[in-house]
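1. Have a look; sequence and predicted model below, questions after that.
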There are 4 protein chains.
Amino acid sequence: MTNAAHGDDILGRARVADNAELNSYYEDLAKLDTGALWTIANSIEPWEPTPVSDPVLWRNSDLREQVLRAINLVRPEDAGRRVVYLRNPKRKDVSACCGWLFSGIQVMKPGERAGAHKHAATALRFIMEGAGAYTIVDGHKIGLGARDFVITPNGTWHEHGIAEDGETSMWQDGLDIPLTNALEANFYAVHPNDYQTTNLPVNDSPLTYGAPGLLPLMDKWDKPYSPLFQYRWDPTYEALLNYAKVTDGSPYDGVIMRYTNPHTGGEPMLTMGATMQLLRPSEHTKAHRHTGNIIYQVAKGEGYSVINGKRIDWKEKDIFCVPPWMWHEHCNTATGDDACLFSFNDLPTMHKLGFYAEQALEENDGHQIVEK
Amino acid sequence: MTNAAHGDDILGRARVADNAELNSYYEDLAKLDTGALWTIANSIEPWEPTPVSDPVLWRNSDLREQVLRAINLVRPEDAGRRVVYLRNPKRKDVSACCGWLFSGIQVMKPGERAGAHKHAATALRFIMEGAGAYTIVDGHKIGLGARDFVITPNGTWHEHGIAEDGETSMWQDGLDIPLTNALEANFYAVHPNDYQTTNLPVNDSPLTYGAPGLLPLMDKWDKPYSPLFQYRWDPTYEALLNYAKVTDGSPYDGVIMRYTNPHTGGEPMLTMGATMQLLRPSEHTKAHRHTGNIIYQVAKGEGYSVINGKRIDWKEKDIFCVPPWMWHEHCNTATGDDACLFSFNDLPTMHKLGFYAEQALEENDGHQIVEK
Amino acid sequence: MTNAAHGDDILGRARVADNAELNSYYEDLAKLDTGALWTIANSIEPWEPTPVSDPVLWRNSDLREQVLRAINLVRPEDAGRRVVYLRNPKRKDVSACCGWLFSGIQVMKPGERAGAHKHAATALRFIMEGAGAYTIVDGHKIGLGARDFVITPNGTWHEHGIAEDGETSMWQDGLDIPLTNALEANFYAVHPNDYQTTNLPVNDSPLTYGAPGLLPLMDKWDKPYSPLFQYRWDPTYEALLNYAKVTDGSPYDGVIMRYTNPHTGGEPMLTMGATMQLLRPSEHTKAHRHTGNIIYQVAKGEGYSVINGKRIDWKEKDIFCVPPWMWHEHCNTATGDDACLFSFNDLPTMHKLGFYAEQALEENDGHQIVEK
Amino acid sequence: MTNAAHGDDILGRARVADNAELNSYYEDLAKLDTGALWTIANSIEPWEPTPVSDPVLWRNSDLREQVLRAINLVRPEDAGRRVVYLRNPKRKDVSACCGWLFSGIQVMKPGERAGAHKHAATALRFIMEGAGAYTIVDGHKIGLGARDFVITPNGTWHEHGIAEDGETSMWQDGLDIPLTNALEANFYAVHPNDYQTTNLPVNDSPLTYGAPGLLPLMDKWDKPYSPLFQYRWDPTYEALLNYAKVTDGSPYDGVIMRYTNPHTGGEPMLTMGATMQLLRPSEHTKAHRHTGNIIYQVAKGEGYSVINGKRIDWKEKDIFCVPPWMWHEHCNTATGDDACLFSFNDLPTMHKLGFYAEQALEENDGHQIVEK
């Protein structure tokens, strides 16, 4: 819990050595469900966060085959959801991909549908492949295309399916289930009819709210999350290309935009945010670190990231995570094409609670020394 | 100041008859720069607003010729701006088009430019015709196309011009100058260099902020108005067509969207808002009335509006106004094509001050009796 | 409309001389309800505001007698309200005290009550003298003491009265009636029963919301104005004395606090704000000027203010106004006692619309040259 | 993770039985740092939260003696802080009093002072006894009296001490250290000079911001927490007595008010809130349950609470906690005097993240069956 720059044997830190009298005192305290703060103070008040999760790469070349295999092993109606989840070696106890974020790969085949439920946890999806997939969120049915970003805010009824004439489809799920459970706030309900019936026109959410700088005049939206449930790939990629024409981009992330709630300009959901970023050909960003967890999926191209000195090579549909307070930088290794990274995070949680902190790497022109 | 339903001779209204003693009292009060409230109470506390402005139609077929004539009569550098302004017969004293809103038609020819200035008043433009026109707002240069909506928020340096290889261009200006003057808050400054110099890339504002559901991650925007200075016609029209697929529309306005500040979802500027609405073929809306002024320009198609019983027939590029608390309804007379109305208003002012009120016409299935 | 520093004969201002051809053009424009902007531009776009209202002092020694005289001249039920209003010589056309603000002195005698009504205009009161007076705002009855500040937000039912065993009472009313009328937004209604009936406990508003740094946990307040309808003198004066212990105060206003909506920390009502300020013995503030109107009542002590070079001597219960963009500074002439000024203003309107501007006087160590 | 009303063997829950093929599949998934969601889904998506912490009572009669004993065992400069912390038997791993909240009793004797530090965690104090104690928060020195509530927002420099002529003083600390650590966001720094030097007047914060319905006009406060660092007991108790005159109170909590940030009306700090509640003589509230943790200290009087069927008898200065989603109700057993409970909570965290849920007990007229 200390780092090179700070010892704990200084004024302002707990520096009480054990002795017999104190040990006797500690025993008495324990009997009263109490303890002496100075015996744990340096541990619970660290100089800075020590990352708990590992940085992990999940290769699509490994995962895809295993995910498809599940199709013949379980049915959605038995599994609830047919999902292979990503289990961080250091977060097995909370079934998390990174920190307090859950992630998994869901797969469905044509004609299948998974019943409607709702939970206090917030969910999002990033579509990886397929055709004819749809989701229904609180009665709003939305067709899903590759690289679309889709939200399922906390407390909304939701279900998924694939049209009979569709194709086997796969997407990454992201949820704050571990956080919701840690805060002892998760609730779950199965839809009374198992499936939602809706008279709303298909795609009403993106057709109503998916326009630039415009909102319906009569809008009565009063929910604490975005009324735009789907952010399609084509306009998103076009937005990055447009923005790239007029910006140098972030030193740490290249040309990066965040998905927003068009009603507020803020995050689309209460606990999680998401971004899409474009790395220009050969672009190599500088390193920074910050609190909060990020889980990436490569939307386009190939390259690598360096996370706390460890190089992770990635290509399309690979997934990797960056734990809190770990240095990270990104590199597009293609010289003739851009690379795009989708990512989601728990930064809205960090910001709302005043827990966001950020630091740029000063040494070595902002680049980490890569471990051999 | 009374209406059919309410007389003033009831409890709760001032009902004091003059007499000699009172008149003497009133004379004494006048000497002290005072008066008796009950002598004016019914007048200054009306049952409901009595519209001051006239509803007026300005036909493009009349206006265009006169506006073009100005090209040979004055130079921009002498006129400040070469603008023919729309003067409501009842608001000549404040040079307003309607209520406290100013509007005019500006024209410039290729190679001309009008110098940079700023003012406390807020401005907007709706482009009518031409090519190669541009505006520069606080250093952000933006190319202007027909039916684009462009903002010039209060206090920003701005100037306009036409490229040498452009075409004579015309646009409608809308400003809150009369309101700003009424509130004794107008300030004016000429740019020290007459023209802005800027290193910002052309069109950086729409290229950065003109995407649906996305904003730059690193954005530092902290102004009380929209960072998106231009709302282009093509995506706006597409947005209306998309929205039309999934909405019945407003009973009073058809398929109507408002231009927003993508950072907040609110109005693009502090005092004025703007909308674009689409009337389906043969659509005839119902009548309502509300506080606040609206000035329309026909962006597409032809039809008519009925304003407090008076029918106004309009077609493309015609301009008309609806004063506060006047009943109004719209009709697209084309059976095979939609009609679009651009409009701007002072409704943000009314909402912020708690002055917005609205009423639907109940009689005659919501339609006014048109005066012969 | 110009000032010494700026002529209008410079690039960026309208500088078009009349000639026959232009005059003919102007005539043609007039026929179309239009005009040439450059003929009015310099007038409607002034370099800075030119104050319209006069600074005026209304002495209590003059007013009180005339106000009391009204008691025997009109009854509240005939007058609606028995009010002598303050009429700025330059704002007679809109019955305003200053700018777009109305003010008057209301008087009632024991046992009288004035019926309930409501209006879109916003009202406030500052109690001058008496005992047993009360107001009822949307069913909340509040007892009124000298130097209390009381609000009647827009759209609330309200009525006033004096208990049978009370004393003749007098208070200053402040309303934004002229603004509401100018914006064509005033509505008026008489209570269907003439008087409100209420089961709410007396003084529930101050007893619930009048505590420092505390609010009811269960509160459901959702109105756009303060739930605290009364700000009592004793805690207000105590607050100023406390604050005076730890602040140098404002250079322009001494120890000054604003009345707030405890739910938001913002202004108590939508269009008008109010402050109470304390000038220490012999304190003489520096001059500044700003947009927006202020109407003062001397709550305590004596002194003078200098408004655009004109000295106005005041003592307790005197009322005076400072029009927009006029220099003003205050002086407590007592060497052994503090002086307190209550004031209300339309600054919330100015701030919301982006119209607030302020300037400190640089010359002469911040003090005006007083006219002889 | 299930309750009586819901089994897990229904459509919408994971219902996949193990078999050899699946087990083989699970082994393959594990090699890729993945797992099958359906093997854990019912566990991580419970029907409702299962409380983790125990409800615990810490009696002042037990604690006080042990806390005082520490005075002779450790010095503040060695302990950092001389605090006996309250350790929930179920939360020993995170050193929490309840859920993710830390609490402890701090004691200092006359002339002692504990050095300045800061941390990302947020802190608050409720004073139990003593005289002459002070805290300094970001340079603002504040004198502490019994039953005052004091805040130390995240990231502020703070230190405490007792005047030489003061008395041994004791207070309860509340911090979100466990939450901050769980979110891997804690940072700690020792003040470079060990102690703050300040020229600010003593008690400037309460003297400036501790008035009802008033704020300094010139205020530049821009922090995300309250500028009022101290909420004194006397006006707090007076506020409860006033409010009690006009309210029936909450069915679950009696007459209850929350401490607020006077700048916003919201919570004083980002992650934690606090309330003071008054139970009338013999008042017995109804039971409800909600997400979020509450830690109570009895400010006045005696009585008991029932927490998930367990009766806890309390009197002044006793501390107890209510874990999330546990039923709780309170009873003042005195027939002639009121009882007051101070409490702090993590409800702001729950609300911001959309995790707040609440339920009233319907059965038995809202009262729990108390365990024998």
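-> Structure's in. What do you need?
2. residues from the stretch 251-372 of chain A in reach of chain B?
-> A:253, A:256-265, A:268, A:275-277 (Cβ under 8 Å from any Cβ of the partner chain). Every residue, glycine included, has its C-beta placed from N, CA and C.
3. Farthest pair within these?
-> Greatest spacing in these, by Cβ to Cβ: A:Asp253 and A:His263 (25.4 Å).
4. who touches the lowest-mean-pLDDT helix or strand in chain A?
-> Ranking every helix and strand in chain A by mean pLDDT, DSSP states H and E puts helix A:76-79 at the bottom, with a mean of 92. With Cβ atoms under 8 Å, 6 or more residues apart in numbering or on different chains as the test, helix A:76-79 has contacts from A:82, A:108, A:112-115, D:11, D:14-16, D:36-38, D:41.
5. What about the residues you listed, which are in helices?
-> D:Ala41 (DSSP state H).
6. Where is the longest strand in chain A?
-> strand A:158-175 (DSSP state E).
7. Could I get the CA-only coordinates of that strand as CSV?
-> Provided in CSV are the C-alpha atoms of strand A:158-175 (Å, rounded to 0.1, in the frame of the first residue of the first chain):
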residue,chain,number,x,y,z
HIS,A,158,-35.7,-6.1,-22.1
GLU,A,159,-35.5,-9.2,-24.3
HIS,A,160,-33.5,-10.2,-27.4
GLY,A,161,-34.1,-12.4,-30.4
ILE,A,162,-33.1,-13.2,-34.0
ALA,A,163,-35.6,-13.1,-36.9
GLU,A,164,-36.4,-16.5,-38.5
ASP,A,165,-34.6,-15.3,-41.6
GLY,A,166,-31.7,-13.8,-39.8
GLU,A,167,-28.2,-15.1,-39.1
THR,A,168,-26.6,-16.4,-36.0
SER,A,169,-25.6,-13.2,-34.1
MET,A,170,-23.2,-12.4,-31.4
TRP,A,171,-22.6,-9.4,-29.2
GLN,A,172,-20.7,-8.3,-26.2
ASP,A,173,-22.7,-7.5,-23.1
GLY,A,174,-21.5,-5.1,-20.5
LEU,A,175,-23.2,-4.7,-17.1
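8. how distant is stretch A:88-99 from the center of its chain?
-> 13 Å (Cα atoms, centre = their mean, to the nearest Å).
9. next one: stretch A:97-113
-> 13 Å.
10. Pull out the buried residues from that stretch.
-> By neighbour count on 16 or more other Cβ atoms under 10 Å in any protein chain shown, the buried set for stretch A:97-113 is A:97-110, A:112-113.
11. Those residues: which ones sit near chain D?
-> Among the buried residues of stretch A:97-113, the residues within reach of chain D (Cβ under 8 Å from any Cβ) are A:Gly99, A:Trp100, A:Phe102, A:Gly104.
12. Which residues lie in contact with the second one in this structure?
-> Right, the one you point to is A:Trp100. A:Val94, A:Asp176, A:Pro178, A:Leu179, A:Ala182, A:Asn293, A:Asp346, D:Ala182, D:Leu183.
13. What of the last one?
-> Contacts of A:Gly104 were listed using Cβ under 8 Å, 6+ apart, and they are A:Val83, A:Val84, A:Tyr85, A:Leu86, A:Cys97, A:Gln172, A:Asp173, D:Leu37.
14. And A:Ser282, how far from chain D?
-> 31 Å (Cβ to the nearest Cβ, to the nearest Å).
15. swap in A:Pro262?
-> 19 Å.
16. cool, and A:Tyr296?
-> Distance from A:Tyr296 to chain D, by Cβ to the nearest Cβ: 15 Å.
17. For that residue, which three-state class applies?
-> For A:Tyr296, the secondary-structure state derived from DSSP: H, G, I helix; E, B strand; the rest coil is strand.
18. That one against A:Leu341, yeah?
-> Yes: between A:Tyr296 and A:Leu341 there is a contact under Cβ atoms under 8 Å: 5.2 Å.
19. Neighbour count: these two, which is higher?
-> A:Leu341 (26 against 23; other Cβ atoms under 10 Å in any protein chain shown).
20. Spell out the secondary structure type for the closest residue to A:Thr260 other than its chain neighbours.
-> Nearest non-adjacent residue to A:Thr260, counting by Cβ to Cβ, 6 or more residues apart in numbering or on different chains: B:Leu215, 5.0 Å away. With three-state DSSP as the basis, B:Leu215 sits in strand.
21. Report the contact partners of B:Leu215.
-> B:Leu215 neighbours (Cβ under 8 Å, 6+ apart): A:Met257, A:Arg258, A:Thr260, A:Gly265, B:Tyr209, B:Pro262, B:His263.
22. Kind regards, and thank you for your time.
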